[in-house]
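1. Predicted model, plus sequence, below.
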Amino acid sequence: MAAPMELRCWAGDWGLPSVHPESLTVMAYAKFSGAPLTVNTISSSWKAPKGDIPVLISEDKVISQPAKILNFLRKQKYNADYELSAKQGADTLAYIALLEEKLLPALLHTFWIEAENYCNVTKPWFASRIAFPLSLYLPGKMSREALNRIVLTKGGPPLYSLTEVEAQIYRDAKECLNLLSKRLGTSQFFFGDTPTTLDAFVFGFLAPIYKVCFPRVQLQEHLKQLPNLCRFCDDILTCYFRLSVSGHSPAGQDTADANLQKLTQLVNKESNLIEKMDDNLRKSPQHPPRKLTTLKLAAGGEESSPFNRLSP
Amino acid sequence: TLCFQAFLQMCNLPIRVVCRANAEYMSPSGKLPFIHVGNQVVSELGPIVQFVKAKGHSLSDGLDEVQKAEMKAYMELVNNMLLTAELYLQWCDDVTVEEITHPRYGSPYPWPLNRILSYQKQWEVKRKMKAIGWAGKTLEQVLEDVDQCCQALSQRLGTQPYFFNKQPTELDALVFGHLFTILTTQLITDELSEKVKNYSNLTAFCRRIEQQYFEGHDKDSSTIAARSAKKSLLR
């Protein structure tokens, strides 16, 4: 319908299409609404990631934040909220605000500020995806921005030290997860049977917590105690991203399939060849190898020597 | 400030409002307003609600789990959107800052302290805006966000008297506080209050709560309400 749209975002790992919550939100929404997006992950090429990620490039427009990208997609008639009532639309806005206020600080903390997680997992992962020498600078910058955000929004008095702020944001995050679990209940998606914007946002925030393997995982452990939220994430991954729960990426799955096909073809050819060789060997009477024929000629003894050779 | 008064009056607890210049410093969390009960001082909506609940009054007991989740979500929406928009308008919109905020904020202090303090506060607010990504927003975008928020609130309220059934809850108090402030405060432009006035059920909601909880009591509290509406611009 519209011109082809390209989404530049962070790549995926640990069974997720992307490790970055906002990129994941946009990808999920695109899947839900059927928008055709070509996803280009940021790899260590010289095209440095400028500005906010994810970025949607369509014709000559460059749109950068998830809310704006989703608005743009809706204007292009890719609307996942078509069947929602006005009240449900209002609820969506409210729950997204809840996620941003209560869950995002703890998510940022787990990824970028918790020292063990940052040094062992986040920094190497992101550094490997960015070109040198930006890889030395950009992860540090992202970490500082995350800390800044948390301290400025959550860190006023009476919380005077970073540990108190951390304790508070994790308490808020766990409460938020509990609230989401209660709201989801036993239904498949937040508003009935079809996924909507809210499902995209919740998935984008929950899936990294759920899947990425960190050394310090208090939020993940809390999430695993809420089985309906885990089931929600797994469902979306298997249905919309064609990922098995053990996790190969869809592009990976396709190339794996293609490789498998090539491999089977090769194996078939080989087995055909082997069969032919086998047939040839069986059909022809025990022909000696060429060396022996030359020897035979040289030796002059015609039939006797090959038989002599062949006899043990 | 109004949301607290509204909340406390909805709980039928008597209150006395006092305006002080050094109120920010008296508060345990540096944020206004705060309540002073006996020998305890509690500030901010969350702790005040819990404090009142511990004393046996609660407005949200009648809600089930899902509704409580919804209520918390809507309260976050109001905090996220309306509060940030109010802060933005007070401190990041140059015209408003020059003409209204600086004089008001610095008014209890002599020169040069008034200028220094208000510049300091402005710098703080701008830093916070930058951290949450609002620094790049223009005034039109902020007004659009406020409009979206009001639309959501209006749709949620619908034709009901309060947001959840027939009983007022913390959410009603919070929404009333913000909307009333927006509607009654004099700014350079009326765009913000115009946005709210577009939604007639929201203005009717504010009027109803004002009549029920503020004018019903003695005349004093309504003048105090008006004065604290102006003072809350300094928040």
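-> Noted; the coordinates are in hand.
2. For the chain, give me the ranges with low pLDDT.
-> Let's take chain A. A:1-3, A:43-52, A:155-160, A:243-265, A:284-312 (pLDDT under 70).
3. Chain B is the one I meant
-> Filtered on pLDDT under 70, chain B yields the residue ranges B:1-6, B:8-62, B:106, B:186-189, B:215-235.
4. Residue ranges of each domain in it, please.
-> As assigned by the TED database, chain B contains the domains B:1-59, B:62-160+B:171-216.
5. Look at B:Arg104 and say how many residues are nearby.
-> 16 (other Cβ atoms under 10 Å in any protein chain shown). Yep, even glycine has a C-beta here, placed from its N, CA and C like the rest.
6. Ok, B:Leu117 next?
-> 15.
7. tell me which element it falls in.
-> Element membership for B:Leu117 (DSSP states H and E) is helix B:113-132.
8. thought B:Lys128 was touching A:Ile150?
-> No. Contact criterion Cβ atoms under 8 Å: B:Lys128 and A:Ile150 do not qualify, at 11.6 Å.
9. Next, the nearest residue to A:Gly12 once chain neighbours are set aside: secondary structure please.
-> Closest residue in space to A:Gly12, ignoring its immediate chain neighbours: A:Ser18 at 4.7 Å, by Cβ to Cβ, 6 or more residues apart in numbering or on different chains. Following DSSP: H, G, I helix; E, B strand; the rest coil, the label given to A:Ser18 is coil.
10. residue contacts, A:Ser18?
-> Residues near A:Ser18 by Cβ atoms under 8 Å, 6 or more residues apart in numbering or on different chains: A:Cys9, A:Trp10, A:Ala11, A:Gly12, A:Leu24, A:Met27, A:Thr41.
11. Highest neighbour count among these?
-> A:Leu24 (28 neighbours).
12. tell me which parts of the stretch 1-150 of chain A are close to chain B?
-> Within the stretch 1-150 of chain A, the positions near chain B by Cβ under 8 Å from any Cβ of the partner chain are A:65, A:86-87, A:89-91, A:93-95, A:97-98, A:100-102, A:145, A:148-149.
13. if you set the cut-off to 7 Å instead, what comes out?
-> Contacts of the stretch 1-150 of chain A with chain B, taken as Cβ under 7 Å from any Cβ of the partner chain, map to A:86-87, A:89-91, A:93-95, A:97-98, A:100-102, A:148-149.
14. Tell me which of these fall in strands.
-> When DSSP state E is applied, the residues of the stretch 1-150 of chain A next to chain B are split such that none fall in strands.
15. need the helices for chain B, in chain order.
-> Assigned by DSSP state H, chain B shows helices spanning B:2-10, B:23-26, B:45-54, B:65-77, B:84-91, B:94-96, B:102-106, B:113-132, B:139-157, B:170-184, B:191-197, B:200-209, B:219-231.
16. Can I get these in a markdown table including distance to chain A?
-> Output for the helices of chain B, formatted as a markdown table (distance: least, Cβ to the nearest Cβ, whole Å):
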| stretch | distance to chain A |
| --- | --- |
| helix B:2-10 | 17 |
| helix B:23-26 | 10 |
| helix B:45-54 | 9 |
| helix B:65-77 | 4 |
| helix B:84-91 | 10 |
| helix B:94-96 | 22 |
| helix B:102-106 | 18 |
| helix B:113-132 | 4 |
| helix B:139-157 | 4 |
| helix B:170-184 | 10 |
| helix B:191-197 | 15 |
| helix B:200-209 | 12 |
| helix B:219-231 | 20 |
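17. Chain B versus A:Ser128, what's the distance?
-> From A:Ser128 across to chain B, the span is 27 Å (Cβ to the nearest Cβ, to the nearest Å).
18. Next, count neighbours for that residue.
-> Counted with other Cβ under 10 Å, A:Ser128 comes out at 11.
19. now the one 4 residues further on
-> When neighbours are counted by other Cβ under 10 Å, A:Phe132 registers 9.
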